[in-house]
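Enquirer: dropping a prediction and its sequence here:
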Amino acid sequence: MKKTYYIFPLLLIFFICTGRIYGDSFRVRKTVEVEVPPSGTVVCSAGIYDALAIKLPKDTTFLQGIELEIKIPEVISRYRGSVAYSLYTDVTPVPTKKTIDYTGTQQYLDVIPSKLSMILTIPLIEYDKSKDPYTETLPLVYDLQSPFVFLRFQLVMKGIPENYDSENFSITVKPIYQNKGIMSLEVQYPLNQNNEVIQAPYTVYIDDKQVTLDNNRIILTSGPHYVSIVSDSYRNETRTFTIEQAKTTQITVALRDVAPTLQFVAPNSAQIYLDNILVEEPTKEMIISQGEHSIRIVVGDYEVVKVLQAMNGRSYTIHAQLDVDIEETP
């Protein structure tokens, strides 16, 4: 048994170092299927003759890798180099629970370490990987063209205990996301005095930088941001928002006409005239034209007339107050 124990790992290391990639046919005891969760983790179990098919989500925009935390049975950890794991691409047929015969291209091969747990990171895109002595990161990028990641366990040493093949690995699958998210912008156009939509060009700035949206969406780093909409036809609008990792943040901006607006605050009994036309709903904000306007307010026998010079991009509120002075004499 000792002879096999030492010789095989050396051959295995040779295959790893030479980066040998080849296509072969193989059989597994069973196929364990698991889906990458949108957040958090999912736990599954696989034996030393099993395959693990990790189904990727349809939207992999922010998915940069998969982390596998593998808990190793104590009996397996005692026999260093007895079990290997292989990463395959171009796997056919598509993995199912009932499939045991496969053909694929082996991209990576290594042995399970002689410890009780290991963390294995499978990169799906190129990204800066922080060095962690407790994490094994594969030196390759798995092909994202495939809808799944295929991992195979296999026994590579003879002379092990009889109950060895009944042991299972507990595997925790966790997605690794980029530190980015999406802002989706919805713009609501204003109406003019005739209830017609005012649709005109505008420019979008995010954090003071002009941007071009793709289908009203843009990818941003996680954290606080602000968006500004600038136009000659609308009032400038600014909104603050926070991007969450691998999520979409919806921002709705109701654009306002650049024309000035006017609103009154007056007693219910007041009659208000704008350019000699009675205002039916004075407390409701109204759009007026730029320029000079006459305002007349009548409360009983009391009347006041004012002139307003309205400018585009401004909002005006007129307060009509009726004061009563009481004078006491001896």
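Expert: Arrived safely. Numbers count the residues shown, from 1 in each chain.
Enquirer: residue 307 contacts residue 295, doesn't it?
Expert: Yes: assessed by C-beta atoms under 8 Å, residue 307 is found in contact with residue 295 at 7.4 Å. Any C-beta I mention is one placed from the backbone N, CA and C, and that applies to glycine too.
Enquirer: which one's more surrounded, the two?
Expert: More crowded of residue 307 and residue 295, by other C-beta atoms under 10 Å: residue 295, with 19 against 8.
Enquirer: state the helix or strand in which the more buried one lies.
Expert: strand 291-299 (DSSP states H and E).
Enquirer: next helix or strand past that strand?
Expert: According to DSSP H and E, the helix or strand after strand 291-299 is strand 302-310.
Enquirer: partner strands of that following strand, with direction?
Expert: In the sheet, strand 302-310 lines up against strand 291-299 (antiparallel) (DSSP bridges).
Enquirer: give me the contacts around the strand it pairs with.
Expert: Contact with strand 291-299 is made by 262, 266-267, 269-276, 303-310, 318, 320, 322, as judged by C-beta atoms under 8 Å, 6 or more residues apart in numbering.
Enquirer: how many residues are close by the closest residue to residue 221 other than its chain neighbours?
Expert: Closest residue to residue 221 apart from its sequence neighbours, by C-beta to C-beta, 6 or more residues apart in numbering: residue 180 at 5.6 Å. Residue 180 is flanked by 18 other residues according to other C-beta under 10 Å.
Enquirer: got a list of what residue 180 touches?
Expert: Taking C-beta under 8 Å, 6+ apart as the test, what residue 180 contacts is 62, 219-222, 243, 245-246.
Enquirer: now the residues you listed in CSV, with neighbour count and pLDDT?
Expert: CSV is the format used below for those (neighbours: other C-beta atoms under 10 Å; pLDDT from 0 to 100):
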residue, neighbour count, pLDDT
62, 20, 94
219, 13, 97
220, 17, 97
221, 11, 97
222, 17, 96
243, 21, 97
245, 14, 94
246, 21, 93
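Enquirer: relative to residue 267, how far out is residue 318?
Expert: According to C-beta to C-beta, to the nearest Å, residue 318 stands 13 Å off from residue 267.
Enquirer: who's more crowded, the two?
Expert: Taking neighbours as other C-beta under 10 Å, residue 318 and residue 267 compare with residue 318 leading, 16 against 11.
Enquirer: pretty sure the more buried one is touching residue 264, no?
Expert: Yes: using C-beta under 8 Å, residue 318 is in contact with residue 264, at 5.2 Å.
Enquirer: ranges for the helices of the stretch 1-150 of the chain?
Expert: All helices of the stretch 1-150 of the chain, identified by DSSP state H, counting those that start in this stretch, fall at 2-17, 74-78.
Enquirer: tell me how far the shortest one is from the chain's mean position?
Expert: Taking C-alpha atoms, centre = their mean, to the nearest Å, one finds the center of helix 74-78 at 40 Å from the center of the full chain.
Enquirer: start the count at 38, not 1, going forward
Expert: In the new numbering, first residue 38, that becomes helix 111-115.
Enquirer: average pLDDT for it?
Expert: Mean per-residue pLDDT for helix 111-115: 88.
Enquirer: would you indicate which residues of that helix are buried?
Expert: Buried residues in helix 111-115, counting neighbours by 16 or more other C-beta atoms under 10 Å, are found at 113-114.
Enquirer: now do the contacts for residue 70.
Expert: Counting by C-beta under 8 Å, 6+ apart, residue 70 has contacts 90, 92, 132-134.
Enquirer: which pair in these spans the largest distance?
Expert: For these, the maximum inter-member distance is 11.9 Å, found between 92 and 134 (C-beta to C-beta).
Enquirer: the more surrounded of those two?
Expert: Shown here are residue 92 and residue 134; by other C-beta under 10 Å, residue 92 has more neighbours (14 against 10).
Enquirer: about what we covered before: mean pLDDT for the helices of the stretch 38-187 of the chain: which is lowest?
Expert: helix 39-54 (a mean of 39).
Enquirer: follow-up on the earlier one: out of the contacts of residue 217, which sit inside strands?
Expert: Among the contacts of residue 217, the members falling in strands (DSSP state E) are 256-258, 280.
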